[in-house]
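Asks: Here is my input, please return the structure:
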Amino acid sequence: MSIESVENLPTEMKVAEISKYGGPGVLTVGRRALPVPKWGEVLIQVVAAGVNRPDVMQRKGLYPPPSGASDLPGLEVAGRICAIGDGVSSGKMGEEVCALVGGGGYAEYCVASEGHCLPVPENLDLIEAAALPECLFTVWTNVFDRGKLVGGESILIHGGSSGIGTMAIQLASHFGARVFATAGSQEKCRFCDELGVERSINYREEDFQSVLQKITGNKGVDVILDMVGGTYVQKNLALLGKNGRLISISFLEGSKVELDLSPVLLKWLTLSGSTLRPRSVAEKDEIAKAVYQYVWPLVEVGKVRPKIYTTFPLSEASKAHALMESSEHLGKIILLT
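Replies: Numbering: from 1, shown residues only. Okay, the predicted model is just below:
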């Protein structure tokens, strides 16, 4: 296979790898050989990589990488294309991109499918761009594809101050939905309000179901984006209105619950959910095309923008994970190579 590179590349790279399953401290710095792009892939010299909940789950041994993916954590990166595999135009060389990857983002170099790379908007730097792929791909495919949210409907976004939450708020607001969110402090609620939420609910002080039933005149909401699970599931079903859609993307409080499913029948509800990482290259290609068509123009003019909480050097990935697990952050945590 022919590989074209823009410069003489090193043979090794620094990585943050999982030495064993466990707490943040199991993330250690190591050295590995550079990955080689296959047909239709590019090699990215990584400047920044997003930190996401799936990375934490993988570190704990609860979310193994799919077959053929790197065992290194990291599902989104931003940087410059420095080598290409067969089937990729040489015009891509040197281009600044952000990319969704199946793993391997916690490294100085990472391979990505050409179709999963998006050009970095001129109004963003590479640190901001690294915060986009995982969140935007997840929000688009769940809220708008599976959840079928349209203007004039209402949505409740749990975890509104998270990376995914901040993107879901901005996109739902832009497309004309009535947006509500839950968060765990008054500071986080104010943060959500500034992004376009009509009413945020501090779940430590208020019952989101009661608050929103009152606001909606007991009509409920059309869509709920849930990453909590556990005790939230029954309350979500009660809060959804007729033809409502519950979209689950994680179960931070647990996936095993005892439910009264009668609201599903009585209100014609749809329960759905998805994961992103195990999807095929072709499926992710289609998501990337939709994000580029419908969302990228909003990013390019600043109507949708990533919210960066803080950055850590790659060598301090363990500190980034500790912060994420504390849930004290607002928006995204980014690693810098």
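
Asks: For residue 282, what is the enclosing helix or strand?
Replies: Using DSSP states H and E, residue 282 falls within helix 281-290.

Asks: Which elements pack onto that helix?
Replies: Here helix 281-290 touches strand 109-113, helix 133-139, going by 3 or more C-beta pairs under 8 Å, 6 or more residues apart in numbering; DSSP states H and E. Where you see a C-beta, it was placed from the backbone N, CA and C, and this is true even at glycine.

Asks: Partner strands of the shortest one, with direction?
Replies: Which is strand 109-113. Next to strand 109-113 in the sheet, as set by DSSP bridges, lie strand 41-51 (antiparallel).

Asks: Can you give me the buried ones in the helix or strand following the partner strand?
Replies: As assigned by DSSP H and E, the chain's next helix or strand after strand 41-51 is helix 53-59. By neighbour count on 16 or more other C-beta atoms under 10 Å, the buried set for helix 53-59 is 53, 54, 55, 56, 58, 59.

Asks: can you check stretch 207-221 too?
Replies: Applying 16+ other C-beta under 10 Å to stretch 207-221 flags 208, 209, 211, 212, 213, 215, 216, 220, 221 as buried.

Asks: So which of those residues sit within helices?
Replies: Counting by DSSP state H, the buried residues of stretch 207-221 place 208, 209, 211, 212, 213, 215 in helices.

Asks: Let me know the closest of the residues you listed to residue 252.
Replies: residue 208 (15.4 Å; C-beta to C-beta).

Asks: Any figure for the gap between the closest one and residue 257?
Replies: Between residue 208 and residue 257 the computed distance is 17 Å (C-beta to C-beta, to the nearest Å).

Asks: same deal with residue 122?
Replies: Applying C-beta to C-beta, the value for residue 122 to residue 257 is 46 Å.

Asks: ok so, going back, which residues are in contact with the helix holding residue 282?
Replies: 40, 100, 113, 115-118, 137, 140-141, 145, 276, 279 (C-beta atoms under 8 Å, 6 or more residues apart in numbering).

Asks: Distance from the chain centre to whatever helix or strand comes next after that helix, please.
Replies: Tracing the chain past helix 281-290, the next element assigned as helix or strand by DSSP H and E is helix 296-300. Computed by C-alpha atoms, centre = their mean, to the nearest Å, the separation of helix 296-300 from the middle of its chain amounts to 17 Å.

Asks: With stretch 296-315 instead?
Replies: Worked out by C-alpha atoms, centre = their mean, stretch 296-315 lies 12 Å from the chain centre.

Asks: Below-threshold pLDDT in the stretch 101-250 of the chain: ranges please.
Replies: Filtered on pLDDT under 70, the stretch 101-250 of the chain yields no residues whatsoever.

Asks: how many neighbours does residue 38 have?
Replies: By the criterion of other C-beta atoms under 10 Å, residue 38 has 14 neighbours.

Asks: I'd guessed it sits against residue 84; true?
Replies: No: Residue 38 is beyond contact range of residue 84, at 10.6 Å (criterion: C-beta atoms under 8 Å).

Asks: Residues contacting stretch 227-243, please?
Replies: With C-beta under 8 Å, 6+ apart as the test, stretch 227-243 has contacts from 53, 156, 158-159, 162, 164, 208-209, 212-213, 216, 219-222, 224, 226, 246, 248-255, 257, 259-261, 263-264, 267-270.

Asks: try stretch 294-309
Replies: Contact with stretch 294-309 is made by 118, 121-124, 127-129, 131-132, 135-136, 140, 144, 163, 166-167, 170-171, 174, 191, 195, 329-334, as judged by C-beta under 8 Å, 6+ apart.

Asks: Kindly report the same for stretch 266-278.
Replies: Contacts with stretch 266-278, where a contact means C-beta under 8 Å, 6+ apart, come from 54, 63, 65-66, 69, 75, 100, 102-103, 134, 137-138, 141-142, 146-147, 220, 237, 240-249, 263-264, 284.

Asks: are any of these buried, and which?
Replies: Here, 16+ other C-beta under 10 Å leaves 54, 63, 65, 75, 100, 102-103, 134, 137-138, 141-142, 146-147, 220, 237, 240-241, 244-249, 263-264, 284 buried among the contacts of stretch 266-278.

Asks: Which of those fall within helices?
Replies: 54, 134, 137, 138, 237, 263, 264, 284.

Asks: what two of the residues you listed are the furthest from one another?
Replies: 263 and 284 (33.3 Å).

Asks: Show me where the stretch 201-337 of the chain has its strands.
Replies: With strands called from DSSP state E, counting those that start in this stretch, the stretch 201-337 of the chain shows them at 221-226, 240-248, 270-273, 308-313, 332-336.

Asks: Quick check: which of those is nearest to residue 29?
Replies: Of all these, strand 308-313 sits nearest to residue 29, with 9.7 Å by C-beta to C-beta.
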